[in-house]
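>>> Can you look at this prediction? I've put the sequence above it.
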Amino acid sequence: MSIAFSEKVKNSKFAWFGVIGFSLIMLGCIITAIGYQGPSGQRYSMLNYYISELGSVSESNLSIVFNIGIFLGGICFAIGIFGFIYVFETKIGKISCFVGIFSAIFGSLVGVFPMDVNITMHTLTAVMFFYGGMFAIILLTVSLFFEKNNIFPKYLIIVGIVGAIFFIIFNLVISDFVAVFTGTMGENIQPQDGTFSIDSIRPEGYWSMPFFEWLSLLGVLIWLFLASVEYLKYQKRNANNA
């Protein structure tokens, strides 16, 4: 039964969940960023704005679009990664998938706990996502060196290495990230009216923490999207050759 179930999963179109998850998250981010207008009328920029600010109910005009996109996209990724458990042949590949599911679930919960609604849970879920995502992409990339099947092209190794570097750089300053979102960096960033803004400590032009946060997210999303597309292409080749 286990072998039959494994073959059933491998022959299913589970990889479409990776494509859909990528699309939902990217569309949610892009649409919300376009409609974003801060307290002083400023526009959103990934150079010095955190991802979480798109989901701020008190500051982001289309926060619901972002939060729904993140939640549904994370769930889709978790389902898609579950399917890859039965595709990877090595133990490290299978372990990396479990770590990826863990990360995707916590990532989806970021959309449930916006930063200005429940900052404690928001920070916890975000940190779990970023640590989980870092270990997932490192393990997934390493596993490709040992996989004997020809499903995934080797260019995914390069994409994974780049994504892992972004995660490592960001996670080296994760304590500063936590400090920002718990109000312990510089002056208190939670005003008396209940809104949650970090404009008072935001540098002009470029801020390394949010910038590398964005690069980390994009790195893992692109890797999972490409892996999903490559598996769908592999299935199509097999169907044509049958």
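Received, thanks. Remember, predicted model here, so these are calculated numbers, not experimental data.

>>> And the helices in the protein, which stretches?
In the chain, the helices defined using DSSP state H lie at 2-11, 16-35, 63-84, 91-110, 119-146, 155-172, 174-181, 208-241.

>>> Least reliable of those helices by average pLDDT, please.
Lowest mean pLDDT of those: helix 174-181, a mean of 72.

>>> give me every residue that touches the residue nearest to F167 when sequence neighbours are not counted.
Closest residue in space to F167, ignoring its immediate chain neighbours: M134 at 3.7 Å, by CB to CB, 6 or more residues apart in numbering. (Glycine included, C-beta is placed from N, CA and C.) Neighbouring residues of M134 by CB atoms under 8 Å, 6 or more residues apart in numbering: A164, F167, I168, N171, S216.

>>> Need the max-distance pair from these.
A164 and N171 (10.3 Å; CB to CB).

>>> quick one, which of these two is more surrounded?
A164 (24 against 19; other CB atoms under 10 Å).

>>> List the contacts of that one.
M134, I137, I138, T141, G219.

>>> For ChimeraX, write a command that selects the buried ones of these.
To isolate in ChimeraX the members of the contacts of A164 that are buried, counting by 16 or more other CB atoms under 10 Å, one can use:
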select :134,137,138,141,219
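
>>> any chance of the contacts of A164 in a markdown table, plus distance to W207?
Formatted as a markdown table, the contacts of A164 follow (distance: CB to CB, whole Å):
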| residue | distance to W207 |
| --- | --- |
| M134 | 20 |
| I137 | 23 |
| I138 | 25 |
| T141 | 28 |
| G219 | 18 |
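
>>> now, among the contacts of A164, which is nearest to Y44?
Ranked by distance to Y44 (CB to CB), the contacts of A164 are led by G219 at 20.0 Å.

>>> okay, which residue is most central for this protein?
Geometric centre of the chain, nearest residue: L217, 4.5 Å, by CA atoms, centre = their mean.
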